[in-house]
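Undergrad: Following is a predicted model, sequence given first.
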Amino acid sequence: MSTYGWGDRSVWERERLEIRRHLWTLLGDLPPLFTPELIVTSSVGHVGYVQHHFTFDNEAGATVYGLLLIPDGLTRPAPAVLWNHAHGHRYDTGAARMITPHHIHGHADGIELVRRGCVVMAIDAYAFGERTHQGAAGGREGGADTEMSLFKQFLWQGRTLWGMMVRDDLMALDALIAHPAVDPARVGTVGMSLGGSRATWVAAMDDRVALTIPIGQMTRYADLLAAGALSFHSIYYFVPSMLKAGLDMEHIVALTAPRRQIILVGDSDPGSPLAGITTVRRYVESVYGLYGAADHLDVTIYPGIAHAYTPDMHDAMIAAAVRHLNSES
């Protein structure tokens, strides 16, 4: 019997539906989701793959910009990864970071993955990359000012900035799954920090994600508040009434069960207090246990590591993506 009182899987599955429904409500009055048409604006051939720059209209007043990497020589649909960029107050770049060597581990995730046979997509989140001036003030504001203005604007419109970011990510996922080069049964999502939050929420809200790898992000909201560490997350992160509704990170993460989920986080990350990670882990393990799928959840807590994307984390992400997405079983 579950230590959380579900008794059996059917009880949890009813609760699961209610959690997801409530999360959609808290994200605000979002425009409907749809499968966007990708408009390829340029293509560049590289050794082993082609890099496409694309846009799509999110039908909420914004153009979304992104990159799509497709391996050469595909003879059948391939596994795919939705790669989500981090925050780090680096508003000048977004999707392009997946093709840029990381400042710590030295690898470009997108290139690593495409050269291992994965189709890889990334988009600029609101206020990042080619969207840094995509607020009400246009070119008069950029970066953090655009982010703050969008947060205010969406509140007035009955929406949330986080909800609108997740909406764009879900539409990118939809476009990726629909792409003829992609096997829709073998699609994963990964990301570090903000990217980890995006990966976690996308997998929680869409059951088609087969593999989720959040890196350097497993923030339980109540523990972050208790630690007085709210400043470690920017304004995008805050969704009204989460704690009032009795919802926290464990509920979001558990929505992905029993699909594969690999969580990589440091034990000294101030933005993800260790006590909260422990609570999330125990709760989510109990949910995976209801499905007899304990082996589909892997939580690795790195000792002495703060908020960082280390070489070990990078290697673990690549190995997991290749192992699980390349399998057709």
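TA: Everything's here; your move.
Undergrad: Quick one: neighbours of the residue lying closest to Thr35 once chain neighbours are set aside, just the number.
TA: Leaving aside its sequence neighbours, Thr35 sits nearest to Asp174 (CB to CB, 6 or more residues apart in numbering; 4.6 Å). C-beta coordinates here come from the backbone N, C-alpha and C atoms, glycine included. For Asp174, the count of nearby residues is 16 (other CB atoms under 10 Å).
Undergrad: What ranges does the stretch 51-200 of the chain have for its strands?
TA: Using DSSP state E, counting those that start in this stretch, the strands of the stretch 51-200 of the chain run over residues 63-71, 78-84, 119-123, 182-192.
Undergrad: quick one: the second one to strand 63-71, angle?
TA: If you take axes from the mean of the first three to the mean of the last three CA atoms, to 10 degrees, strand 78-84 sits at 140 degrees to strand 63-71.
Undergrad: can I have strand 78-84 written out in CSV, keeping just the CAs?
TA: In CSV, the C-alpha atoms belonging to strand 78-84 read as follows (Å, rounded to 0.1, in the frame of the first residue of the first chain):
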residue,chain,number,x,y,z
ALA,A,78,14.5,8.9,-35.6
PRO,A,79,14.4,9.5,-31.9
ALA,A,80,14.1,13.2,-31.0
VAL,A,81,14.9,15.6,-28.1
LEU,A,82,13.2,18.9,-27.2
TRP,A,83,16.2,20.7,-25.7
ASN,A,84,15.3,23.6,-23.3
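Undergrad: Which strands or helices does it pack on?
TA: Packing partners of strand 78-84 (3 or more CB pairs under 8 Å, 6 or more residues apart in numbering; DSSP states H and E): helix 109-114, strand 119-123, helix 161-178, strand 182-192, helix 194-205, helix 311-325.
Undergrad: And the third one, what does it pack against?
TA: Contacting helix 161-178 under the criterion 3+ CB pairs under 8 Å, 6+ apart are the following elements: strand 49-57, strand 63-71, strand 78-84, strand 119-123, helix 144-156, strand 182-192, helix 194-205.
Undergrad: Those: which one's closest to Phe34?
TA: The closest of those to Phe34 is strand 49-57. By CB to CB, the value is 10.1 Å.
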